[in-house]
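Okay, predicted coordinates and the sequence, questions at the end:
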Amino acid sequence: MLEVRGLGIRFGGLHAVQNVSTALTPGHITAIIGPNGAGKSTFFNLISGFYQPTSGSIHFLGEDITRLRTHEVVGRGIARTFQTTTIYKELSVLDNAMIGHRVRTRAGVLDALLRTGRERRDEAASRAEALRALKRVGLSDRAHLPAGALTQEGQKRVGIAMALASDPKLLLLDEPAAGMNPEETVNLMGLIRELVGGGLTVALVEHKMSLVMGLADEIVVLHHGQKIAQGAPADISRDPAVVEAYLGSHAHGGQMGMAGPAQEGGTPRA
Ligand SMILES: Nc1ncnc2c1ncn2[C@@H]1O[C@H](COP(=O)(O)OP(=O)(O)OP(=O)(O)O)[C@@H](O)[C@H]1O
Ligand SMILES: [Mg+2]
């Protein structure tokens, strides 16, 4: 459904993403992994239109979306969450989901936040989409609580609902399990499976290997901006180039964490 060819972006002299080609299979969960700074978030930023690539192309459902802006990409059916949770803790869970809907489907945040005439007309539609999204993440009964009153896991669900409020076909999750304890991580995995069961396609960046290995149909490995491997979890965990990339990574203390859940350690970042 999503096809990227020769995708790249340079920041000055740094190739943050370089010549990456891959395709996402509909109905699959694809994990993007790699050491800190490998270009994973940048890859998502390229797909979702936050950055314009300096080379390569992105096609979604047969359409060239390489040069589209973020709200246009959302309009085509791709939504994403951010590595750093960006929910409004004082506002209600429902308001957050509604903001998610508006901000993602409008050209500008101002346009979304100012109550213009069009905005008022659209309010009912936003609310309906937001409520639907909250139901999908299991937060219907907490819609009127302040988002900040929810647990870490609950707040992550709010972030996912904000993305789901635009009713995407493809959902990009950037480190959804960061900061979660093992039990919350398992719950999140259940949620992601449910969403995929309902017809969504998911690509996620994650350092927690228990989640990656337990969830992914396919894994793409980035290292220094380049794709060094792609395949089924069992094959990736044995791939010499992948092992080498992780062993060489100081950020992971020389631990690849591929052996199993015992080694998972969240997101090491100095
Ligand atoms: N806007 C930017 N300007 C300049 N350099 C950037 C920018 N965004 C990312 N980079 C650089 O690009 C490289 C890849 O960053 P990116 O955030 O994509 O890594 P990552 O794989 O998501 O890492 P992590 O696992 O730590 O989240 C890094 O060296 C980063 O400093
Ligand atoms: Mg990142």
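Received it, and whenever you're ready, just let me know what you need. Residues are numbered from 1 along each chain as shown. Ligands and ions are numbered 1, 2, ... in the order given.

Specify the local secondary structure of Leu68.
The three-state assignment at Leu68 reads coil, by DSSP: H, G, I helix; E, B strand; the rest coil.

buried set for the helix or strand containing Ala234?
Ala234 belongs to helix 233-236 when elements are defined using DSSP states H and E. Of the residues in helix 233-236, those with enough neighbours to count as buried (16 or more other CB atoms under 10 Å) are 233, 236. (Each C-beta comes from the backbone N, C-alpha and C, glycine too.)

for stretch 67-81, same thing?
Counting neighbours by 16+ other CB under 10 Å, one finds that the buried residues in stretch 67-81 are 68, 70-71, 73-74, 77-81.

before we move on, what about stretch 176-184?
If you call a residue buried by 16+ other CB under 10 Å, then stretch 176-184 has these buried ones: 176-178, 180, 184.

In JSON lines, list the residues you listed along with secondary structure, pLDDT and distance to ligand 1.
JSON lines is the format used below for the buried residues of stretch 176-184 (DSSP: H, G, I helix; E, B strand; the rest coil; pLDDT from 0 to 100; distance: CB to the nearest ligand atom, whole Å):
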{"residue": "Pro176", "secondary structure": "coil", "pLDDT": "92", "distance to ligand 1": "13"}
{"residue": "Ala177", "secondary structure": "coil", "pLDDT": "92", "distance to ligand 1": "13"}
{"residue": "Ala178", "secondary structure": "coil", "pLDDT": "89", "distance to ligand 1": "9"}
{"residue": "Met180", "secondary structure": "coil", "pLDDT": "88", "distance to ligand 1": "16"}
{"residue": "Glu184", "secondary structure": "helix", "pLDDT": "92", "distance to ligand 1": "20"}
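
returning to that earlier point: now the helix holding Ala234 - C-alpha only, CSV.
Output for helix 233-236, consisting of C-alpha atoms alone and laid out as CSV, is shown next (Å, rounded to 0.1, in the frame of the first residue of the first chain):
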residue,chain,number,x,y,z
PRO,A,233,11.4,-11.2,12.9
ALA,A,234,13.1,-14.6,13.2
ASP,A,235,15.3,-13.9,10.2
ILE,A,236,16.2,-10.3,11.3
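
what ranges do the strands span in this structure?
2-11, 14-24, 29-33, 55-60, 63-64, 78-80, 170-174, 201-205, 218-223, 226-231 (DSSP state E).

ranking those strands by burial, who's on top?
Among the strands of the chain, ranked by average contacts under mean count of other CB atoms under 10 Å, first place goes to strand 78-80 (a mean of 27).

in its sheet, what does it sit against?
strand 170-174 (parallel) (DSSP bridges).

can you give me the offset of the partner strand from its chain's centre?
On the basis of CA atoms, centre = their mean, to the nearest Å, strand 170-174 sits 3 Å off its chain's mean C-alpha point.

just to revisit the earlier point, tell me which other helices or strands the helix holding Ala234 touches.
Counting contacts by 3 or more CB pairs under 8 Å, 6 or more residues apart in numbering; DSSP states H and E, the secondary-structure elements packed against helix 233-236 are strand 218-223.

So for the nearest residue to Val221 once chain neighbours are set aside, what's the pLDDT?
Sequence neighbours aside, Ala229 is the residue nearest to Val221 in space, at 4.3 Å (criterion: CB to CB, 6 or more residues apart in numbering). If you check Ala229, the pLDDT there is 95.

OK, contacts around Ala229?
Neighbouring residues of Ala229 by CB atoms under 8 Å, 6 or more residues apart in numbering: 219-221, 236, 239, 241-242.

Show me which residues of the stretch 1-150 of the chain sit near ligand 1.
In this structure, the stretch 1-150 of the chain approaches ligand 1 at residues 11, 14, 16, 34, 36-42, 83, judged by CB under 6 Å from any ligand atom.

In a markdown table, list the residues you listed along with pLDDT.
Formatted as a markdown table, the entries for these read as follows, by pLDDT from 0 to 100:
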| residue | pLDDT |
| --- | --- |
| Phe11 | 94 |
| Leu14 | 94 |
| Ala16 | 97 |
| Gly34 | 94 |
| Asn36 | 92 |
| Gly37 | 93 |
| Ala38 | 95 |
| Gly39 | 97 |
| Lys40 | 96 |
| Ser41 | 96 |
| Thr42 | 97 |
| Gln83 | 80 |
